[in-house]
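>>> Okay, structure incoming, though there's no sequence with it:
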C-alpha cells in the first residue's frame, strides 16, 4: 500500500490551474524528484503532501499515523537558540506529551482512590502508549545522536552559523522526528560542493520516503529513484534518475510529434515550446558537446604556451586579448591567507568556473582579476576596454510595477544584441516568455521567472566580460539549459561562480579551484575534469609520500656497507622490462595523439551526431579517455626517463 496518494487533485490560483485532475502516489523507500518549470506549482504540491494546505478538489489518502516533515527553502530559526534547542524543536509534540505525563503522575500520587483517581490513571495509560509510539522517553539522546550524525555542535548559536550550516540544522530538526516521509524544497541551496556530496550520501542511506524539489541535475541523478514532472497541471511519472527521464521524455515527445504534427500549427508559441523544448535542446546539446571539446582543447593549448603569451604582452599585445594577468598574487585578511602566491592569465573568450567551499575566497579572487581589489603581494595587470556586466541575485533590483518589455528595453521596442537588432517580443521569447506576457508587470512573475528576466536584461546590455555569481539558483531546468546555450555561444569572457556541477561541466572551459590554505590551481575542463585531475594528483602525492617514507626507513636501517654503497643502492637502475617500456612509450604517445586528432576532426565536423548519435557519444567519451591515457603515459615516460638519467 502506498504511503500517500492523491487522486484527481485540482488546485488553481485565479485562472491558472496548477493541478488539473492530477494523480500522485509515494511508496515506502522511494526517493522522488519533483521537477517542472518555475511557477508550475511544485511547492504548492509539496505543502499539500505535507498536510499544510488542501487541494480545491480531489481525493487524498494517507496511511494511518503517517509522519511527514517538510523542510522549506529558507528554514526559520530563533537566531539566539543553541543548535541543540533548534533541533529539539522538532520533537515539540513528544516533549509536550512527556511534560503532561509528569504532571499527571504527580497528580496521581496525591489523589486518593476514587473516580478522579481512575480518570487520571486512564489518562496516564493513554499518555504512556503515545510516548511509546513516539519513542519520546529518550528524546534528549535522539537529539544528541542526530547532531552527531549530521556533524553539528549542539552548543553553538544558530545565528553564528553560515547559510549552509543552518541548512544542516533544518535537516537535523526534520530527521530527529524519524519521519515516514521527508519533504525537501530546494535542499541544495546554500550548500557548497562538499555539503551537496554529504547530503547526497545522507539521503541515499535513509530508508524513509523522500519527495524533493531541485533543479540540480547531478543531484537528481545521484539521489532520485523516480522523476515526477509537473507539466501544465498534470503529474507525469518516469522511473529512474534524471538521465533516464531525459531519454524517456525524448521518446515520448517524438511519439507526440508524429501524432500531433498537424495540430502543432494551432498551438500557441509557449505551448509549442513546452512540448518540443526537450527535443530541441537535446539536438542542440549534441553540437554543444563538440564545441565545448574544441574550446577546451584550445584552452589547453593556450596554457601550454603561456610563456609566449606573456612575451607578446610585453611587446604590445592587441587591445582586449588579455583580460587579466596575475603574477604571484597574495591576499590576506588579518592572519588568514585567502590567496597565496597565485599566478594565472585570463584571456578573451575564456569561460572560467571558480569552485571551492563557502568562504574559501572566490569573490576575493574575482575582484582581484577585475582590478577592483589590490593584492598584498604580487602584480595584477588588467586588460583594456573591459565592459563588465554582473549577475548577482542578492543585489539585483527590479521595478515590480514595470512591464517585462520596459524592463528589458525602456522606451524602445528594439534590443541590440551582439551588434544585431532584435524586437523586444522576440528577445523575450528567447528567454521563454510568451508574447502576451511582455506587457505584464514584473510583480506577476514567480521568483524563478524574475531570475530569468534578470538574465534577459543582463544579456541585453553591451558587455565583453560577464561575472555570474550563482546564476543557477532558483532557475528551472529548461532555463538552465537555455543559459548554458547562451554562454557557450557568447564570444566574450565568462567568470562563473556556481555549485551546479552539471552547469559547470557544460559551460566552463577551465576551472580555478581552491586547494586549501589559500592555494588555488587552474585545471582545463569542467567540474568532472577537475575532480579526475585533482584525485589523480592527490593519489600521486600520496604514492610519492609512501615511497619517500619507505626510502627513509631503508636509510634508517643499520648496514655494514659503506655510505657510498648505500647511496649507489638508492639510485636504482631500470630493469629490462622498464627499459622496454620506456622505448615503447614515445610510439604509444604518438598513436594516442593521432587517434585523438582523428576523433577531433570527426567531432568538429558534427555530421557524426546526425548520422549516428550513439557513435557521436562514443567518440566524445573516447576523446576524453585519451586525455587520461596521454596524461598517464607522459607522467610514466617522465618518471622512467629521470631514473634512466
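Yep, it's here. Since the model is a prediction, treat every value here as computed from it, not as a measurement. Numbers count the residues shown, from 1 in each chain.

>>> quick one: average confidence on stretch 445-461?
Mean pLDDT, computed over stretch 445-461, is 78.

>>> what about residue 59, how many residues close to it?
11 (other Cβ atoms under 10 Å). Any C-beta I mention is one placed from the backbone N, CA and C, and that applies to glycine too.

>>> typo on my end, residue 327
Around residue 327 there are 15 residues (other Cβ under 10 Å).

>>> what does stretch 452-460 contact?
The contact list for stretch 452-460, computed with Cβ atoms under 8 Å, 6 or more residues apart in numbering, reads 38, 389, 391, 393, 396, 398, 404, 407-409, 415, 417, 427-428, 430-433, 442, 445, 466, 471, 475, 479, 483, 486.

>>> From those, keep the buried residues only.
Neighbour counting by 16 or more other Cβ atoms under 10 Å classes 38, 389, 391, 393, 398, 404, 407-409, 415, 427-428, 431-433, 442, 445, 466, 471, 475, 479, 483, 486 among the contacts of stretch 452-460 as buried.

>>> coming back round to it: in helices only, show me the contacts of stretch 452-460.
404, 407, 408, 427, 428, 430, 479, 483, 486 (DSSP state H).

>>> distance of the fifth one from residue 437?
Separation of residue 428 from residue 437 (Cβ to Cβ, to the nearest Å) stands at 8 Å.

>>> show me the contacts for the residue lying closest to residue 444 once chain neighbours are set aside.
Closest residue to residue 444 apart from its sequence neighbours, by Cβ to Cβ, 6 or more residues apart in numbering: residue 437 at 8.0 Å. By Cβ under 8 Å, 6+ apart, the contact list for residue 437 reads 404, 428, 444.

>>> And the residue nearest the centre of this protein?
residue 500 (2.4 Å; Cα atoms, centre = their mean).

>>> Not counting sequence-adjacent ones, nearest residue to it?
residue 472 (4.3 Å).

>>> isn't the one you found right up against residue 484?
No. Judged on Cβ atoms under 8 Å, residue 472 makes no contact with residue 484 at a distance of 9.6 Å.

>>> joint contacts of those two?
residue 503.

>>> how near is residue 197 to residue 357?
Distance, residue 197 to residue 357, using Cβ to Cβ: 11 Å.

>>> Between the two, which has more neighbouring residues?
Each of residue 197 and residue 357 has its neighbours counted (other Cβ under 10 Å); residue 357 has more, 17 against 14.

>>> where does the closest residue to residue 36 other than its chain neighbours fall, phi/psi-wise?
Leaving aside its sequence neighbours, residue 36 sits nearest to residue 230 (Cβ to Cβ, 6+ apart; 3.6 Å). Dihedral angles of residue 230 (phi, psi; degrees, to the nearest 10) stand at phi -90, psi 110.

>>> do the same with residue 6
phi -120, psi 130.

>>> Show the contacting residues for it.
By Cβ under 8 Å, 6+ apart, the residues touching residue 6 are 22, 23, 24, 25, 48, 49, 55, 58, 59, 60, 61.

>>> next one: residue 338
If a contact means Cβ under 8 Å, 6+ apart, then residue 338 has 331, 332, 360, 361, 364, 365, 518 as its contacts.

>>> and it, how far is that from residue 634?
33 Å.

>>> And residue 439, by the same measure?
Counting by Cβ to Cβ, the gap from residue 439 to residue 634 is 60 Å.

>>> Same question for residue 451.
For residue 451, the distance to residue 634 - Cβ to Cβ - is 44 Å.

>>> higher neighbour count, those two?
Counted by other Cβ under 10 Å, residue 451 and residue 634 do not tie: residue 451 has more neighbours, with 24 against 13.

>>> mind listing what the more buried one touches?
393, 471, 473, 474, 475, 479.

>>> now swap in residue 146 and tell me
Residue 146 sits next to 87, 172, 175, 176 when contact means Cβ under 8 Å, 6+ apart.

>>> In terms of helix, strand or coil, where does it fall?
What DSSP: H, G, I helix; E, B strand; the rest coil gives for residue 146 is helix.

>>> Tell me how far it lies from residue 488.
43 Å.

>>> got it, and residue 324?
22 Å.

>>> before we move on, what about residue 32?
For residue 32, the distance to residue 488 - Cβ to Cβ - is 31 Å.

>>> cool, residue 350 as well?
Distance from residue 350 to residue 488, by Cβ to Cβ: 13 Å.

>>> Residue 466 too?
Using Cβ to Cβ, residue 466 is found at 12 Å from residue 488.

>>> Would you report the backbone torsion angles of residue 238?
phi -130, psi 110.

>>> Quick check, it in contact with residue 245.
Yes. With contact defined as Cβ under 8 Å, residue 238 and residue 245 form a contacting pair (4.3 Å).

>>> between these two, which one's more packed in?
Each of residue 238 and residue 245 has its neighbours counted (other Cβ under 10 Å); residue 245 has more, 25 against 20.

>>> sec struct for that one, please.
helix.

>>> surely it meets residue 236?
No. With contact defined as Cβ under 8 Å, residue 245 and residue 236 do not form a contacting pair (9.5 Å).

>>> who touches both of those two?
What both residue 245 and residue 236 touch, as defined by Cβ under 8 Å, 6+ apart, is the set residue 229.

>>> Common neighbours of residue 238 and residue 245, please.
Counting by Cβ under 8 Å, 6+ apart, the residues touching both residue 238 and residue 245 are 227, 229.

>>> Centre of the chain to stretch 164-179, how far?
20 Å (Cα atoms, centre = their mean, to the nearest Å).
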